[in-house]
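S.K.: quick one, fold the following:
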Amino acid sequence: MTVRHFLTLKDLSKDELHQLIVRACELKTMHKSGELFEPLKNKVLGMIFEKSSTRTRVSFEAGMQQFGGGSIFLSPNDTQLGRGEPIEDSARVLSQMVDAVMIRTFEHEKIETFAQFATVPVINALTDDFHPCQLLADMQAYYEVHGDIKGKTVAWIGDGNNMCHSYINAAEMFDFQLNIACPEGFEPMESLVQQHAHRVTVTNNPKKAVKGAHLVVTDVWASMGQEEEQEARIKQFADFQVSPALMDTADKDALFMHCLPAHRGEEVSEDMLDDPRSVVWEEAGNRLHAQKALLEFLLVGSK
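M.R.: The predicted model follows:
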């Protein structure tokens, strides 16, 4: 069987992604009902973290345990990916010992190289360019409330970062329109925007982007590794805060999402996360179920 990787949403077909969201909902129902389901018994997930995370580590570890398998956490102190041993060699070695590898790192090229030489599935748990696992959780959160997002309009407000890039891919793969509002100079990757010009509109006006949108999404203004830019970015992004007042200009049934952690008073107002239109807690919890569906797909096959 050919090894499948998940480095961006485009590594799966539209049908496969849709089935993954449906399966994630099924697995969530099974988990909440207390049903024992262990399709990955005796399987091991290697987890390489060059960037720290709460949600990513807990969701993957918990998911493997609930599936009857196990996981091995490798911190920057435990591995020198591409610094001591060549990435190609690390991929070959780990492929002999674990059944899949999850990597959370900086350069996207690093995970592409690893996947090229790995003989087990490789999962992108975040790079500087993309964060596809979070998009699975987001799409599941929308599906649970309003069904298929096909034909809807999504507004991305803030930095043109890895989450924004994954939303651009999602617009294509889940068939929705995407309005992106960024301060000048912080727009997403131009080549990616041009590739999806039929799906994506970029503006510097958040009100224009949100008007009539069915889903409004944001992220921190300074991502991991950009901490020294924090103060400058607060000034540059001052007009890009998502608040209940801004949400009032969206569709009457619009939802709000944030991948977390959030900086209340910056990219979101103090009260936005607790607004009735916010589904951030369900969105966060869905990391567990969406990733379990992904692990099952990559290691067992579709259900």
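
S.K.: assign residue 34 to helix, strand or coil.
M.R.: Using DSSP: H, G, I helix; E, B strand; the rest coil, the structure places residue 34 in coil.

S.K.: around it, how many other residues sit close by?
M.R.: 6 (other Cβ atoms under 10 Å). Every residue, glycine included, has its C-beta placed from N, CA and C.

S.K.: same question for the one 3 residues further on.
M.R.: The burial metric for residue 37, expressed as a neighbour count using other Cβ under 10 Å, is 14.

S.K.: surely it forms part of a helix?
M.R.: No. Read with three-state DSSP, residue 37 is coil and lies in no helix.

S.K.: oh, and call the first residue 42 from now on, that's how I've got it
M.R.: Noted, 42 is the first residue going forward, which turns the last one into residue 78.

S.K.: check contacts around it.
M.R.: The neighbours of residue 78, taking Cβ atoms under 8 Å, 6 or more residues apart in numbering as the test, are 68, 71, 107-108.

S.K.: let's see if you can find the most crowded of those.
M.R.: Ranking those using other Cβ under 10 Å puts residue 68 first, with 23 neighbours.

S.K.: tell me the average confidence for the strand or helix carrying that residue?
M.R.: Counting by DSSP states H and E, the element that carries residue 68 is helix 55-73. Here helix 55-73 scores 98 as its mean pLDDT.

S.K.: tell me what it is packed against?
M.R.: Counting contacts by 3 or more Cβ pairs under 8 Å, 6 or more residues apart in numbering; DSSP states H and E, helix 55-73 packs against helix 173-187, helix 321-340.

S.K.: how far is the helix or strand just after that helix from where the chain is centred?
M.R.: Next helix or strand after helix 55-73 toward the C-terminus (DSSP H and E): strand 85-90. Averaged C-alpha coordinates place strand 85-90 at 17 Å from its chain's average position (Cα atoms, centre = their mean, to the nearest Å).

S.K.: name every strand pairing with strand 85-90 and say which way it goes.
M.R.: Sheet pairing for strand 85-90, assigned by DSSP bridges, gives strand 111-115 (parallel), strand 141-145 (parallel).

S.K.: now do it: everything it contacts.
M.R.: Counting by Cβ under 8 Å, 6+ apart, 97-98, 101-102, 105, 110-117, 120, 122, 135, 138-146, 166, 336 sit against strand 85-90.

S.K.: one more time with 6 Å
M.R.: 101, 105, 111-116, 135, 139-145 (Cβ atoms under 6 Å, 6 or more residues apart in numbering).

S.K.: what do you get for stretch 314-334?
M.R.: By Cβ under 6 Å, 6+ apart, stretch 314-334 touches 61, 64-65, 68-69, 96, 100-101, 103-104, 174, 177-179, 181-182, 285, 288, 296-299, 301.
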